[in-house]
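Peer 1: model the structure of this input:
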Amino acid sequence: MSCARVGIVSWLLHGARQVVRDMRRHWLASSLVVGVWLLALVRTFVHPVPVVPLLFNWTPSLPYTVAVVDYRHGSIVRGDLVVYAFEGPAGEAAYPGLRHQALFKRVAGVAGDVVTVQARDVFVNGQPVGRAKTHAFDRRELSPIAPTVIPAGHLYVQGTSADSFDSRYSLSGLVREQDVKSRVIPLL
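Peer 2: Numbering: from 1, shown residues only. Model (predicted):
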């Protein structure tokens, strides 16, 4: 092995030993960091729906950062905050990376409510629920949801951000109630 390689290997080993020493010295903080990373890895690669009773939202989709997940939900009403597994409209594969991912939104429409669209402005029962953008961040064309009466077993969900990917877009569509995993109660 050349001198340069030996120097790099010894430098890496020294750094690894230093990290282990620091982790032992600050074991509580290290345990918390490792625990959060393990939960994030499980949620990303194994089970995308939250399995712990706390939800951390880092997106501008809703203004809440920390929420309690209530798995004992009954019937869902307008105004509820929910976590649901994104499935998108039947047969759509436009965003396969989102399929089965847990999304956190507010219910803006329930079965029997009327969804109307004027230009790119979307309304539920005459109340504005958002303006559909023309393109996504990846420059994919976006079209607003088609006017409809929300059928039984479906919900219109909404984020609070203008960039939220929610029911105002045909690629997202209405959410089936069976895809809702829990109600959410915001803490912060």
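Peer 1: mean confidence for stretch 116-124?
Peer 2: The average pLDDT for stretch 116-124 rounds to 95.
Peer 1: can you give me the strands for this structure?
Peer 2: When secondary structure is read from DSSP state E, the chain shows strands at 54-56, 66-70, 81-85, 102-109, 114-118, 121-124, 127-131, 148-149, 154-158, 175-176, 180-186.
Peer 1: closest one to Phe165 among those?
Peer 2: Taking CB to CB as the criterion, Phe165 comes closest to strand 102-109 out of the strands of the chain, the separation being 7.9 Å. Where you see a C-beta, it was placed from the backbone N, CA and C, and this is true even at glycine.
Peer 1: quick one: contacts for Ala152?
Peer 2: The neighbours of Ala152, taking CB atoms under 8 Å, 6 or more residues apart in numbering as the test, are Ala111.
Peer 1: tell me the pLDDT of it.
Peer 2: In this model, Ala152 carries a pLDDT of 95.
Peer 1: again with the one 10 residues further on
Peer 2: According to the per-residue confidence, Ala162 scores 85 in pLDDT.
Peer 1: burial measure for it, as a count.
Peer 2: Ala162 has 9 neighbouring residues, counting by other CB atoms under 10 Å.
Peer 1: isn't it right up against Ala132?
Peer 2: No: checked against CB atoms under 8 Å, the pair Ala162 and Ala132 is beyond contact range at 10.0 Å.
Peer 1: what's the closest non-adjacent residue to Val68?
Peer 2: If the residues on either side of it in the chain are set aside, Val68 comes closest to Ile185, at 4.6 Å by CB to CB, 6 or more residues apart in numbering.
Peer 1: now swap in Leu55 and tell me
Peer 2: Ala67 (4.6 Å).
Peer 1: burial count for the one you found?
Peer 2: Residues contacting Ala67 under the criterion other CB under 10 Å number 23.
Peer 1: measure the residue nearest to Val68 to Glu87 for me?
Peer 2: Going from Ile185 to Glu87 by CB to CB, to the nearest Å gives 24 Å.
Peer 1: and those two? Which one has more around it.
Peer 2: For the pair Ile185 and Glu87, the greater number of neighbours falls to Glu87 (17 against 14), based on other CB under 10 Å.
Peer 1: what sits against the closest residue to the more buried one other than its chain neighbours?
Peer 2: Nearest residue to Glu87, sequence neighbours excluded (CB to CB, 6+ apart): Asp179, at 5.6 Å. Contacts here follow CB under 8 Å, 6+ apart; on that basis Asp179 touches 84-87.
Peer 1: and the helices in this protein?
Peer 2: Per DSSP state H, the chain has helices spanning 3-25, 27-45. These are given in chain order.
Peer 1: the residue nearest to Val68 and Gly126: what is the separation?
Peer 2: From Ile185 across to Gly126, the span is 29 Å (CB to CB).
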